[in-house]
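J.: Take a look and give me a structure for this.
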Amino acid sequence: MAAMDDRRLRSLAAGAGHHLAGWQRRFPLFQLLGLAMVCLLGVVSVDGFATPTSVDSILVLSSFLGLAALGQTLVILIGGFDLSIPAFILLGATMIVELAGADRWPFVAALALAVAVAVVLGSMNGLICHLFRIQPLIVTLGMSAVVDGILQVWTGGTISGTVPGWLGALASPSARTLGLPIPPLPVLWLAFAVVVGVILQRTVPGRWMYATGANLRAARLALVPVGGVWVGAFAASALFSVLTGVLLAGFAPGDTSIGDPYLFEGLAAVIVGGTAFGARGDYWRTVLGALVLVVLTTVLVGHGLSDAAQQILYGVVILVVVIGYGRDRRLRDQL
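T.: All right, here's what the predicted structure looks like:
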């Protein structure tokens, strides 16, 4: 009798776990719970955490991280990885400061040139990976070195110039949007999130990306233009990285290491949000991941933890999340 009750309890627990995992696949329950918990921890343990100034700063920092992680989300969805994101962020910031900031070019012209360079070089990343079957880690690492080298030669290691005043206001936590008590950058981030979310979930190119990430061979047999998907994903990654750099130039002009933090933190936002290699997740999960990490960082800083301690905690969180998702891969993602 006791053995039967034990088996029944195990069966009920397994069934509950299965249903919970099913809900997690459809809705980011754990991410929402995690965000609520770290917010509660901040309110309880950090003085001034919930003040309007603190909330605005968290939203702005989350916007930068979320925008920097947008391209990585798209690349990871198709089964790739992009190490050139920091270089393209620096490219966007440098071109705006050196060209538009020095009043040599109109801002629109400088932005158009930065976007064009990003799309061309990002497309090369995807094209080389697809045509020659080279690991994206190697290709994007090489592209990162090329972009960094070109910028080093151009600027001599020092970015000089000032950004337009309105760009600084756009990136400022103290700015307001049409009189509303919210900075403009989170509003812009929300707009990007809505557009990208609709494209991924409601359009043919979005379905192509999920099909390519789920199974490359099956996608080819289904007549999905997998080459175009790879080129487009890496081009979009470079494009959004450059746009992030342009916005960061208004926040911290002249910083030659401006893109470096966003490689690891961007990857952490993607993974914590629940997007995994090969057609698992979406950008809205990355949005939640970015919010969780920025709020968590704010709490850790409020408690006096060092950058090294924060990096250790990030690594532990990524390991735990990856182990959890690695044990729960859907069958349809393997077909």
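
J.: Tell me how many other residues surround V153.
T.: Here the number of neighbours of V153 (other Cβ atoms under 10 Å) works out to 9. For glycine as for every other residue, the C-beta is placed from the backbone atoms N, C-alpha and C.

J.: And the residue lying closest to V299 once chain neighbours are set aside, what's its pLDDT?
T.: Distances taken as Cβ to Cβ, 6 or more residues apart in numbering place G42 nearest to V299, at 4.6 Å, with adjacent residues excluded. Listed pLDDT for G42 reads 95.

J.: Determine the set of other helices and strands touching the strand or helix carrying G42.
T.: Taking DSSP states H and E as the definition, one finds G42 inside helix 29-45. Here helix 29-45 touches helix 2-26, helix 261-273, helix 283-302, going by 3 or more Cβ pairs under 8 Å, 6 or more residues apart in numbering; DSSP states H and E.

J.: if you set the cut-off to 10 Å instead, what comes out?
T.: helix 2-26, helix 52-77, helix 261-273, helix 283-302, helix 307-326 (3 or more Cβ pairs under 10 Å, 6 or more residues apart in numbering; DSSP states H and E).

J.: Of those, which is nearest P186?
T.: helix 52-77 (4.2 Å; Cβ to Cβ).

J.: so the closest one versus helix 261-273, what angle?
T.: 80 degrees (axes from the mean of the first three to the mean of the last three Cα atoms, to 10 degrees).

J.: Hey, what's the angle from helix 52-77 to helix 29-45? Just curious.
T.: Helix 52-77 and helix 29-45 meet at an angle of 160 degrees, taking the same axes, to 10 degrees as the criterion.

J.: Can I get the next helix or strand after helix 52-77 as PDB, trimmed to CA atoms?
T.: Toward the C-terminus, helix 52-77 is succeeded by helix 85-95 as the next helix or strand (DSSP H and E). The C-alpha trace of helix 85-95 is given here as PDB (Å, rounded to 0.1, in the frame of the first residue of the first chain):
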ATOM      1  CA  ILE A  85      28.600  42.900 -31.300                       C
ATOM      2  CA  PRO A  86      31.000  45.000 -29.100                       C
ATOM      3  CA  ALA A  87      33.000  46.000 -32.200                       C
ATOM      4  CA  PHE A  88      29.800  47.100 -34.000                       C
ATOM      5  CA  ILE A  89      28.600  49.000 -31.000                       C
ATOM      6  CA  LEU A  90      31.900  50.900 -30.900                       C
ATOM      7  CA  LEU A  91      31.600  51.400 -34.700                       C
ATOM      8  CA  GLY A  92      28.300  53.200 -34.300                       C
ATOM      9  CA  ALA A  93      29.500  55.300 -31.400                       C
ATOM     10  CA  THR A  94      32.700  56.300 -33.100                       C
ATOM     11  CA  MET A  95      31.100  57.200 -36.400                       C
END
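
J.: What angle do helix 261-273 and helix 85-95 make with each other?
T.: Per the same axes, to 10 degrees, the angle that helix 85-95 makes with helix 261-273 is 130 degrees.

J.: what's helix 85-95 packed up against?
T.: Packing partners of helix 85-95 (3+ Cβ pairs under 10 Å, 6+ apart): helix 52-77, helix 107-132, helix 136-155, helix 226-251, helix 261-273.

J.: Same list (these) but as a markdown table, adding distance to I182 and mean pLDDT.
T.: A markdown table is the format used below for these (distance: least, Cβ to Cβ, whole Å; pLDDT from 0 to 100):
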| stretch | distance to I182 | mean pLDDT |
| --- | --- | --- |
| helix 52-77 | 7 | 96 |
| helix 107-132 | 24 | 96 |
| helix 136-155 | 34 | 96 |
| helix 226-251 | 16 | 96 |
| helix 261-273 | 21 | 92 |
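
J.: now those helices as TSV including distance to R280?
T.: Below are these laid out as TSV (distance: least, Cβ to Cβ, whole Å):
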stretch	distance to R280
helix 52-77	8
helix 107-132	20
helix 136-155	17
helix 226-251	15
helix 261-273	11
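
J.: Which one of those helices lies nearest to V299?
T.: Of all these, the one in closest proximity to V299, counting by Cβ to Cβ, is helix 52-77 (10.2 Å).
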